[in-house]
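**Q** Requesting a structural model of the entry that follows:
(chains A and B)
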There are 2 protein chains.
Amino acid sequence: MDKFAVLGCGVVGSGVVELFEKNKTLIEKRCGKELEMAYILDLRDFPDRPYGNKVIKSIDTILADPEVKVVAECMGGVEPAFTFVKACLEKGKSVASSNKELVAEKGDILLQTAKAHNCNFFFEASVGGAIPIIRPLHKCLAANDFTAIAGILNGTTNFILNKMIKENMDFSTALALSQEKGYAEKDPTADVEGHDACRKICILSSLAFGKHVYPASVHTKGIREVELKDVELCSKLGLAIKLIARVQRLENGHILPTVMPMAVEEDNLLSHVNGVYNAVMVRGDGIGKAMFYGRGAGKFPTASAVLGDMIEEVQLEGTNPAQMWENVHSADFIEDFSAFTAKRYIRTTAADVSILTEVFGELDDMTVSTDDDETVCIVSRPMNAAMMNAAKKQLAQKGIQLLSEYPILVS
Amino acid sequence: MDKFAVLGCGVVGSGVVELFEKNKTLIEKRCGKELEMAYILDLRDFPDRPYGNKVIKSIDTILADPEVKVVAECMGGVEPAFTFVKACLEKGKSVASSNKELVAEKGDILLQTAKAHNCNFFFEASVGGAIPIIRPLHKCLAANDFTAIAGILNGTTNFILNKMIKENMDFSTALALSQEKGYAEKDPTADVEGHDACRKICILSSLAFGKHVYPASVHTKGIREVELKDVELCSKLGLAIKLIARVQRLENGHILPTVMPMAVEEDNLLSHVNGVYNAVMVRGDGIGKAMFYGRGAGKFPTASAVLGDMIEEVQLEGTNPAQMWENVHSADFIEDFSAFTAKRYIRTTAADVSILTEVFGELDDMTVSTDDDETVCIVSRPMNAAMMNAAKKQLAQKGIQLLSEYPILVS
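**A** Below you'll find the predicted structure:
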């Protein structure tokens, strides 16, 4: 029999405890071993819950118990989670974490610590909630040379954009609704500004390319400025505006991670990912492309991923077959955002397309003229930020404003 | 350094060799060990290929070499694959197989043999080609009590149905095209009659429910009888006819695996899976639902999955953390097809819906009357086969023919 402990009894932590109790027989069968939920570390007490008597206040209790082989970390935030997790790993206790901030900031150190102490640090729950993506990338697709990953990695912003697309709700109303439904926090900054999606693409990039990618080196733009008008006009062109977290490998071997709203074409499955669902598209030289889809957050979906990691950690006790990623200086392998190019959806005050063709070169066939004398079209030539700025100036000289623009995701 | 061998140098086997050579550095880094492609077992010779000198004719060479730790089985068919794989496992050599027929018929025995000899038998490539599905089900989702799996598991039939849906091509023309493109074999029986999809749902069912499900106990119907007319009429109702391999757990705890053409609603992502792509939707009590999507076949996609298994087998050398499924008498846990119920799309010679309402009870709002005085509608009440037969007789008494019917997949 192995004991396990849960750090943090919030939404995810209590989910781990409850899903374990519900499926205990099945989980123990799959582990090949009996399991005992021994400790729950939390500052609060939970006298009314069936597991209230398991609550402890000090990590030292867990560290001092040699029978605790596996620890679920569901605290969130970098500290004290980092200190606690590192201490557990140093005692040879494997850790399963749902904490994307921790993994994005300290993943390399924790993976090295696990390796050094012959235990495992897994974090399937840190990206895409219930969606199996870490292990598939890391194991199933390990023979691939990856070229790109693109995903909808934040359920709250996808819910908001979906309400804008399907129900013509404006951003503020949709945000308020998502707060009412409990998807968005009172302070929705981390979701709305793209920070949450950024941490997740850092983790996927680090895994796929083997070098730690820090959030600070990712160009990140949220959805606060997305106007309902553009959402509607995009629909007419067969495009859906989604917050896309993406990393691509460029020809020079560098990688370019980005988080920003992009226009997604209808024939790309990502455009059909609705509500709070997440999805990740992966490209590699062996597989071509593959996609993973599911609930990106929520109590039981996330708990399912944490428990899946814990089950494998029990099975692997005493071995560390996982790989690591290196910590190298970012500038050596992360390209600056100025190198990003894409076809663009643009909306301007031009009365017709002739001037736009002059400035942008070839346009896609589809063009929409709006009621208020604006023209919307798709620029066929891949443009980078500098080219867009130059075009904007040229337009201004002709008295035309560039009202909005979205890069188009290549499927 | 570990040596590995490849059994069978057809499409998949040669893909394994070539993808390994292409990504050798990266694969060895991920393995944490150098690898040597030592032997290729095939009846043919390949003097013109760079690896021609590795070709051998007897499995004994591989069995006798203690340095061969991992074997890729890409032969197909039950024999001699079964004998060879079993012999390798008995020597403690781990095997990665792409052979769905082998796994569906002999998976339980081979898993037990691997366990007994402390090595591993993996088969990620046997279902869904490049799509990571075996390991996600088995590892990432191991904390879930599964309730259903539904997938598009055969690329050839999906290609054919897609041509019927998108280009109004009839079945025979689409089949001929798929043969021309090399998707369908000269004898397309295994694909078209659903046998291939059947083997795959057997494997997924065995994994999810822990008991070996044999192909013979699965109700299997192919797409040969799908008429273009129904495909077109379904489109008008927002439905797409797809060959769906599915298993559901019933309230009595038994499971009901089926392979048959079903009508899939627009808001189900499976309806948007086009061309030769495959996808699998999984339902569990923790995750809600998750979907996996990618190339279901092809040289490098399948090779990618085989190599992914081999990499993990190298990492796991000397341990067997995998679980098994039991071999129990089918009748004890597989429900007869007569228990299958579903809402139905029906097409009849009825001039209007009033008679249909009389016979079937409530109908969904959407009804289509065709040019040739047929009526198409959706029966709201879940019907089983016996109920459908009774309804058919009732209609016949009124001089009305039931021309076709498709069960509707619940998303």
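**Q** And the average pLDDT for stretch A:167-176 is what?
**A** Averaged over stretch A:167-176, pLDDT sits at 95.
**Q** show me where pLDDT drops low in the stretch 201-350 of chain A?
**A** Residue ranges of the stretch 201-350 of chain A with pLDDT under 70: A:323.
**Q** which parts of it sit against chain B?
**A** A:210, A:267, A:269, A:272-274, A:284-295, A:298, A:300-301, A:303-305, A:307-308, A:310-312, A:315-316, A:319, A:321, A:323 (Cβ under 8 Å from any Cβ of the partner chain). Glycine gets a C-beta too; all of them are placed from N, C-alpha and C.
**Q** switch to 7 Å and redo it
**A** With Cβ under 7 Å from any Cβ of the partner chain as the criterion, the stretch 201-350 of chain A meets chain B at residues A:269, A:272, A:286-295, A:300-301, A:303-305, A:307-308, A:311-312, A:315-316, A:319, A:321, A:323.
**Q** out of these, which are inside helices?
**A** A:300-301, A:303-305, A:307-308, A:311-312, A:315 (DSSP state H).
**Q** Tabulate those residues in TSV, adding columns for neighbour count.
**A** Output for these, formatted as TSV (neighbours: other Cβ atoms under 10 Å in any protein chain shown):
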residue	neighbour count
A:Phe300	25
A:Pro301	29
A:Ala303	30
A:Ser304	32
A:Ala305	35
A:Leu307	31
A:Gly308	30
A:Ile311	27
A:Glu312	26
A:Gln315	20
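**Q** Distance to A:Met260 added to these, as CSV?
**A** Below are those laid out as CSV (distance: Cβ to Cβ, whole Å):
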residue, distance to A:Met260
A:Phe300, 31
A:Pro301, 26
A:Ala303, 31
A:Ser304, 30
A:Ala305, 26
A:Leu307, 34
A:Gly308, 31
A:Ile311, 37
A:Glu312, 34
A:Gln315, 40
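**Q** contacting residues around A:His278?
**A** Quick fix: residue A:278 reads Asn, not His. If you count contacts by Cβ atoms under 7 Å, 6 or more residues apart in numbering or on different chains, A:Asn278 has them with A:128-129, A:131, A:151-153, A:155, A:294, A:296.
**Q** ok, and the closest non-adjacent residue to A:Val127?
**A** In this structure, A:Val127 finds its nearest non-sequential neighbour in A:Lys200, 4.5 Å apart by Cβ to Cβ, 6 or more residues apart in numbering or on different chains.
**Q** What separation is there between that neighbour and chain B?
**A** As judged by Cβ to the nearest Cβ, to the nearest Å, A:Lys200 and chain B stand 16 Å apart.
**Q** Burial check on A:Val368, number of neighbours?
**A** 15 (other Cβ atoms under 10 Å in any protein chain shown).
**Q** A:Glu317 now?
**A** A:Glu317, neighbours per other Cβ under 10 Å, totals 18.
**Q** Can you give me the distance of it to A:Gly32?
**A** A:Glu317 is 10 Å from A:Gly32, where distance means Cβ to Cβ, to the nearest Å.
**Q** Now flag whichever of the ones in helices among the residues of the stretch 201-350 of chain A next to chain B is closest to A:Thr357.
**A** A:Pro301 (47.9 Å; Cβ to Cβ).
**Q** just checking, that closest one touches A:Arg295?
**A** Yes: taking contacts as Cβ atoms under 7 Å, A:Pro301 lies within contact range of A:Arg295: 4.0 Å.
**Q** Touching both of these two, which residues are there?
**A** A:129-130, B:287-288.
**Q** Columns distance to B:Cys9 and neighbour count on top of those residues, output as a markdown table?
**A** Shown next, in a markdown table, are the shared contacts of A:Pro301 and A:Arg295 (distance: Cβ to Cβ, whole Å; neighbours: other Cβ atoms under 10 Å in any protein chain shown):
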| residue | distance to B:Cys9 | neighbour count |
| --- | --- | --- |
| A:Gly129 | 42 | 30 |
| A:Ala130 | 40 | 32 |
| B:Ile287 | 39 | 27 |
| B:Gly288 | 43 | 18 |
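**Q** Out of those residues, give me the two with the largest separation.
**A** A:Gly129 and B:Gly288 (9.7 Å).
**Q** list the residues that contact both of those two?
**A** Listed as contacting both A:Gly129 and B:Gly288 by Cβ under 7 Å, 6+ apart are A:295, A:301.
**Q** circling back to that earlier point, who's in contact with the residue nearest to A:Val127?
**A** Shown in contact with A:Lys200 (Cβ under 7 Å, 6+ apart): A:100, A:127, A:153, A:245.
**Q** So which of these belong to helices?
**A** Using DSSP H, the subset of those located in helices is A:Lys100.
**Q** ok, the contacts of A:Lys200 vs B:Cys377, which is closest?
**A** A:Leu153 (41.1 Å).
**Q** For A:Glu225, which three-state class applies?
**A** Here A:Glu225 is coil, with the state taken from DSSP: H, G, I helix; E, B strand; the rest coil.
**Q** so what's the backbone phi/psi at it?
**A** Dihedral angles of A:Glu225 (phi, psi; degrees, to the nearest 10) stand at phi -90, psi 0.
**Q** From B:Tyr183, how far out is it?
**A** As judged by Cβ to Cβ, A:Glu225 and B:Tyr183 stand 45 Å apart.
**Q** Who has more neighbours out of those two?
**A** B:Tyr183 (22 against 10).
**Q** Confirm that the more buried one sits in a strand.
**A** No: read with three-state DSSP, B:Tyr183 is coil and lies in no strand.
**Q** Which residue, neighbours along the chain excluded, lies closest to it?
**A** Per Cβ to Cβ, 6+ apart, closest to B:Tyr183 is B:Thr156, 4.7 Å.
**Q** Hmm, A:Gly155 is touching A:Gly296, no?
**A** Yes: contact criterion Cβ under 7 Å: A:Gly155 and A:Gly296 qualify, at 4.1 Å.
**Q** Overlap in contacts, those two.
**A** Counting by Cβ under 7 Å, 6+ apart, the residues touching both A:Gly155 and A:Gly296 are A:276-278.
**Q** Show me which of those is closest to B:Leu356.
**A** A:Tyr277 (36.0 Å).
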